[in-house]
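# no sequence on hand, only this structure:
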């Protein structure tokens, strides 16, 4: 799931009030720095290399072997991050179906509206058959035709988990019920969960950009600014550094106590708590960093909560061991918070959300650092580490850094913030 999509629905309407959430579209590659950009900021992404054709073909081959082993004839996936992951196609969802058939054997087939075909071909990175459909024609008949042409005339076919129901129903109807529909979730996860060196390198660059942009913003905020002013500054800095902004969530004062914002208008002043949760992408791969600080001198309570959250981040990392169920990381943080008087469990004041989420092409993707997720931790998995504490009516503190698992243990993309006085 794209974090931008989730947060837009949650708080975008309050962008000019106490919460700012400034979004940008997701381009095909890292954004060029703005001519004459912000003082002292230059692109950090000129050397970033997009995912190669060879890597995408290896992904498809891995997926196809899984389908052969499980006796699944094909995977159908519509526009979204998984379509991008396997084929390179970057396209939005609408009522007009664009989807790909990846058969267990043979080349892929892409079905798209005829007038969108040139745009689809711009980002298609692997060999495949593009089959356009005109407005009076059925895309589902095209998809069924593709299945049959690849030798899939009956048996099980899988759909990527986020595929909309009208597409599943359309294929079922167009095939007169010839296929048994199964979930493609396990197939896709088996390929996507473990990041390659090329993916990790892009995520490292994205995190480097976001941290540098945060450092710039931290040095340039001033009294009288509203959340939208700060968010715009963040996105401008991100672009100047060569990243493509994904989101810039800014919560100040009491709004910081609500993880995704409040409708109450706020203005920055001496003593304000500033919580920023921000990210960008570089060739599609995302960063996600949160920092919280106080304009002026923090109170003893703010300092104590900040230190507790940082200790929560450290506990999450120390719990991360190969083979450990990822949900155990959340359990360990929550046990510490309860000893400190927060919660219990997911109750406020305390930590009402999971300790972290997977990240890659999507800002939020499985697995999740949440109680009950039994996914064994493996090298190459990537996560956020963000065990915030929120006190309704007062303030909230969230610190967030992303990390990936290695054979030697967890490795951070960015160092943890040092203190509330040195918060970036």
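Received it, and whenever you're ready, just let me know what you need. Everything numeric here is computed off the predicted structure, so don't read it as measured data. Numbers count the residues shown, from 1 in each chain.
# pull the longest helix from the protein.
Identified as the longest helix of the chain according to DSSP state H is helix 197-218.
# which elements pack onto that one?
helix 227-240, strand 273-282, strand 285-286, strand 289-294, strand 401-406 (3 or more C-beta pairs under 8 Å, 6 or more residues apart in numbering; DSSP states H and E). Every residue, glycine included, has its C-beta placed from N, CA and C.
# now the nearest residue to residue 149 once chain neighbours are set aside, what's its secondary structure?
Using C-beta to C-beta, 6 or more residues apart in numbering and skipping residues adjacent in sequence, the residue nearest residue 149 is residue 109, 7.4 Å away. Of the three states, residue 109 takes strand under DSSP: H, G, I helix; E, B strand; the rest coil.
# what comes up buried for stretch 61-77?
Taking 16 or more other C-beta atoms under 10 Å as the basis for neighbour counts, the residues of stretch 61-77 that come out buried are 63, 64, 66, 67, 72, 73, 74, 75, 76, 77.
# which one of those sits closest to residue 324?
The closest of the buried residues of stretch 61-77 to residue 324 turns out to be residue 66 (C-beta to C-beta; 24.7 Å).
# verify the contact between the closest one and residue 190 for me.
Yes: counting by C-beta atoms under 8 Å, residue 66 does reach residue 190; the two are 5.9 Å apart.
# partner residues bridging residue 21?
residue 249 (DSSP bridges).
# okay, now it: neighbour count?
Residues within reach of residue 21, counting by other C-beta atoms under 10 Å, total 24.
# contacts only, for the closest residue in space to residue 234 that isn't next to it in sequence.
Computed as C-beta to C-beta, 6+ apart, the closest residue to residue 234 that is not its neighbour in sequence is residue 248, at 4.3 Å. Residues in contact with residue 248 (C-beta atoms under 8 Å, 6 or more residues apart in numbering) are 20, 21, 22, 23, 230, 231, 232, 234, 235, 238, 276, 278.
# what segments of this protein are helices?
Using DSSP H, helices in the chain cover 3-11, 53-69, 81-87, 117-123, 139-149, 165-174, 185-192, 197-218, 227-240, 300-319, 327-339.
# let me know which of the ones you listed is the nearest to residue 374.
If you check each of the helices of the chain against residue 374 by C-beta to C-beta, helix 327-339 wins as the nearest, at 6.3 Å.
# show me what counts as buried in that closest one.
Judged by neighbour count (16+ other C-beta under 10 Å), helix 327-339 contains these buried residues: 327, 328, 329, 330, 331, 332, 333, 334, 336, 337.
# which ones are touching the residue nearest to residue 149?
Contact partners of residue 109, counting by C-beta under 8 Å, 6+ apart, are 100, 101, 103, 128, 129, 130, 131, 143, 146, 149, 150.
# okay, domains of this structure per the record?
Described in terms of automatic domain parsing, the domain architecture of the chain consists of the residue ranges 3-47+195-412, 53-192.
# worst mean pLDDT among these?
When the domains of the chain are compared on average pLDDT, domain 3-47+195-412 comes out lowest at a mean of 91.
# quick revisit: got TSV for the helices and strands packed on helix 197-218, with distance to residue 395 and mean neighbour count too?
As requested, these are exported to TSV (distance: least, C-beta to C-beta, whole Å; neighbours: other C-beta atoms under 10 Å):
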stretch	distance to residue 395	mean neighbour count
helix 227-240	15	24
strand 273-282	4	28
strand 285-286	27	29
strand 289-294	9	24
strand 401-406	21	22
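# can you put those in JSON lines and add distance to residue 347?
As requested, those are arranged in JSON lines below (distance: least, C-beta to C-beta, whole Å):
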{"stretch": "helix 227-240", "distance to residue 347": "27"}
{"stretch": "strand 273-282", "distance to residue 347": "20"}
{"stretch": "strand 285-286", "distance to residue 347": "30"}
{"stretch": "strand 289-294", "distance to residue 347": "21"}
{"stretch": "strand 401-406", "distance to residue 347": "25"}
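# relative to residue 85, which of those is closest?
Among those, strand 285-286 comes nearest to residue 85, with 10.5 Å by C-beta to C-beta.
# for the residue minimising distance to the centre of the chain, give its distance to residue 45.
Note on the chain: the residue nearest the mean C-alpha position is residue 363, at 0.7 Å, using C-alpha atoms, centre = their mean. In this structure, residue 363 lies at 18 Å from residue 45, with C-beta to C-beta, to the nearest Å as the measure.
# do residue 243 as well
Remark: distance between residue 243 and residue 45 (C-beta to C-beta) = 6 Å.
# more neighbours: which of these two?
Under the criterion of other C-beta under 10 Å, the comparison of residue 243 against residue 45 puts residue 243 first, with 32 against 22.
# how many residues are close by residue 180?
13.
# now swap in residue 191 and tell me
For residue 191, the count of nearby residues is 17 (other C-beta under 10 Å).
# partner residues bridging residue 391?
residue 395.
# that one reaches residue 349, doesn't it?
Yes: under the criterion of C-beta under 8 Å, residue 391 lies in contact with residue 349, with a separation of 4.3 Å.
# got the buried residues for stretch 140-155?
When burial is assessed from 16+ other C-beta under 10 Å, stretch 140-155 yields the following buried residues: 140, 141, 142, 143, 144, 145, 146, 147, 150, 152.
# contact partners of it?
By C-beta under 8 Å, 6+ apart, the residues outside stretch 140-155 that reach it are 71-74, 76, 97, 99, 101, 103-106, 109, 111, 129, 131, 133, 157, 167, 170-171, 173-175, 178-180.
# return the distance of that stretch from the chain's centre.
32 Å (C-alpha atoms, centre = their mean, to the nearest Å).
# related to what we said a few turns ago, mind checking which of the contacts of stretch 140-155 are buried?
A residue is treated as buried here by neighbour count (16+ other C-beta under 10 Å); on that basis the buried members of those are 72-74, 76, 97, 99, 101, 103-104, 106, 109, 111, 131, 133, 157, 167, 170-171, 174-175, 178-179.
# restricted to strands, list those.
Within these, membership in strands is found for 72-74, 76, 99, 101, 103, 109, 111, 131, 133, 157, 179, as judged by DSSP state E.
# ok, and the closest non-adjacent residue to residue 412?
The spatially closest residue to residue 412, leaving aside those adjacent along the chain, is residue 403, at 4.7 Å (C-beta to C-beta, 6+ apart).
# quick one: contacts for the closest residue to residue 322 other than its chain neighbours?
Using C-beta to C-beta, 6+ apart and skipping residues adjacent in sequence, the residue nearest residue 322 is residue 377, 5.9 Å away. By C-beta under 8 Å, 6+ apart, the residues touching residue 377 are 320, 321, 322, 323, 324, 325, 326, 405.
# before we move on, the earlier item: turn the buried residues of stretch 61-77 into a markdown table, columns for distance to residue 315.
As requested, the buried residues of stretch 61-77 are arranged in a markdown table below (distance: C-beta to C-beta, whole Å):
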| residue | distance to residue 315 |
| --- | --- |
| 63 | 36 |
| 64 | 41 |
| 66 | 35 |
| 67 | 40 |
| 72 | 40 |
| 73 | 46 |
| 74 | 44 |
| 75 | 38 |
| 76 | 42 |
| 77 | 37 |
